[in-house]
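# make a model of this:
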Amino acid sequence: MPDSDPAAINPIFETWASLVELGRHSRGDVKAAAKYFEAAYEESRKFPTLEYRRALSAYYLAYVRVQEDREDNAIELFCEALPLMEAKGDEQKRCSDVHSLLGSFFFRKKELEKAKSHIISSTDLQTRASTENLQLLSSIFLTQDLYVDAEPLLCELIERLESENAPELEITLESLRWVYNKTGNAPGELRVKKRLLKLKEDGEFVLQNRHVQDPNRPPGWGADKITHFIETAIGNQFATFHTDRADYQKLLELDDRFWTARRNFRIRMVDIVSEKNDVLPFEEIEFSAEEWIEMYFFLRAHASLLGAIRLITSGQIPESHMLLRGCLENALYAHYVKNEDERKRTWLNRNTSPEAALACRKAFMNVKVESCLSDADSALGIKAKKLYDETIDSGAHPNVQVFLRDTFQKNTDGQINLMVAYLNPDRISETIEFAVDVGRCTLSIFAPIFPGLID
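As a prediction, the model looks like this:
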């Protein structure tokens, strides 16, 4: 039919338009859609060669062929449609989509140059390169060993995938790590390895984490690693309180002895105030540091013990021994400075100069402090030394015993995991017993310092 006979073409246009409409309304039925679009395509062959509706017919039928998994025919139809669609000038979106589809088809066929050409054409028609195009083009570059070309695409893709929290992020990071490896960029490869480790760890945390549904907890509690750890520790504390009543009762009785001593200290303070009040008005009475330094050490020992109990009942066993050691040290220091004003001044002046700090370190060497107690009470000195050394062995210092006990290796799913237990609920009961021994020994050391006040 001649291209110049519009009167003859109009009825064909109407038939074509009707078939296209039927095809578009049959999209849910691929077989029916194929029938109508095939008929519309055949009808469009009667149009002039440059008639845009010829391109639309090929375009619609090509999409049906994609749904029918007839990829080769889809490629032919898309390639037929593209020139007229591009010539029209206002079909950038459709043209970009077609180029992108053709790029993916040719990539699967391993026709990489064709795939690359179509993806680049698709990207050129976009205001912002689509994620799919970035993924495909970077894959083409990697397949062709064009690592320098792939790097900026992968970096942009990673930034986008991170913001979308997309599951493809991990494999894209692996691709970038490979690029840095092949181009000899060691700092870049190390940086990506760290991001991969964090991504894996965060993913495991999300899978294991359970948000705390408790009206008494602030919103978001338990959703981050710190509050999640604290909540787990608190759970161990609740369990200790509920199930280990006998052990917990020992702690209560020990703690009550400390609070009783604190209350009894008022008797000593009243005595000091009375002596001072003989020569000074009450309003002018002040306690010097030397006069209540032993009470200060007692209060710090009690605070250390309470801190240790909190860690023990939560399962932080090695860390609790740092505080149990502090509990004993405060008692030993108190005994060491008892009735020794020069030692008190040496300790109090520690931070006044480098010389004073050195003098304090020399005066308060462990061996001197421990010997002072042993000289006064051999049995108590031996007991305190034994407990002190055990705190060191159990975590107050880094040491091999804790290392061997709290670390383990697990080989699963092709991975070697070296782990350290942060919480050890299975050792809570035995450590409570040890803490009670430390507390009782501490009170025994303070007893002669405050005669009659430590019950």
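
# stretch 310-320: how far from the chain's middle?
Chain-centre distance of stretch 310-320: 22 Å, with C-alpha atoms, centre = their mean, to the nearest Å.

# any regions of the chain where pLDDT drops low?
1-9, 204-213, 276-277, 280 (pLDDT under 70).

# mind listing what's buried in stretch 163-181?
169, 172-173, 175-180 (16 or more other C-beta atoms under 10 Å). (Each C-beta comes from the backbone N, C-alpha and C, glycine too.)

# now swap in stretch 46-60 and tell me
Of all the residues in stretch 46-60, those buried under the rule 16+ other C-beta under 10 Å are 47, 51-60.

# before we move on, back to that, got TSV for the buried residues of stretch 163-181, with secondary structure too?
Formatted as TSV, the buried residues of stretch 163-181 follow (DSSP: H, G, I helix; E, B strand; the rest coil):
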residue	secondary structure
Leu169	helix
Thr172	helix
Leu173	helix
Ser175	helix
Leu176	helix
Arg177	helix
Trp178	helix
Val179	helix
Tyr180	helix
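
# tell me which residues of stretch 64-74 come out buried.
64-66, 74.

# ok, now stretch 246-254?
Within stretch 246-254, judged by 16+ other C-beta under 10 Å, the buried ones are 247-248, 250-251, 254.

# now stretch 84-96
For stretch 84-96, by 16+ other C-beta under 10 Å, it's 84-86, 91, 94-96.

# swap in stretch 28-46?
33-41, 43-44.

# please apply the same query to stretch 300-320.
Buried, per 16+ other C-beta under 10 Å, within stretch 300-320: 300-302, 304-305, 307-309, 311-320.

# now stretch 287-302
Neighbour-count burial for stretch 287-302, counted by 16+ other C-beta under 10 Å, picks out 292-295, 297-298, 300-302.

# for Arg27, give me its contacts.
The contact partners of Arg27, by C-beta atoms under 8 Å, 6 or more residues apart in numbering, come to Ala33.

# what separates it from Ile75, distance-wise?
Distance, Arg27 to Ile75, using C-beta to C-beta, to the nearest Å: 21 Å.

# just Gln409 next, same as before
Applying C-beta to C-beta to Gln409 and Ile75 gives a distance of 54 Å.

# neighbour count winner among those two?
Neighbour count, other C-beta atoms under 10 Å: between Gln409 and Ile75, Ile75 has more, with 19 against 8.

# dump the residue contacts of the more buried one.
So Ile75 contacts 102, 105-106 (C-beta under 8 Å, 6+ apart).

# could you dump those residues into TSV with secondary structure, distance to Arg160 and neighbour count added?
Output for the contacts of Ile75, formatted as TSV (DSSP: H, G, I helix; E, B strand; the rest coil; distance: C-beta to C-beta, whole Å; neighbours: other C-beta atoms under 10 Å):
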residue	secondary structure	distance to Arg160	neighbour count
Leu102	helix	23	23
Phe105	helix	24	19
Phe106	helix	24	21
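
# sounds good, over and out.
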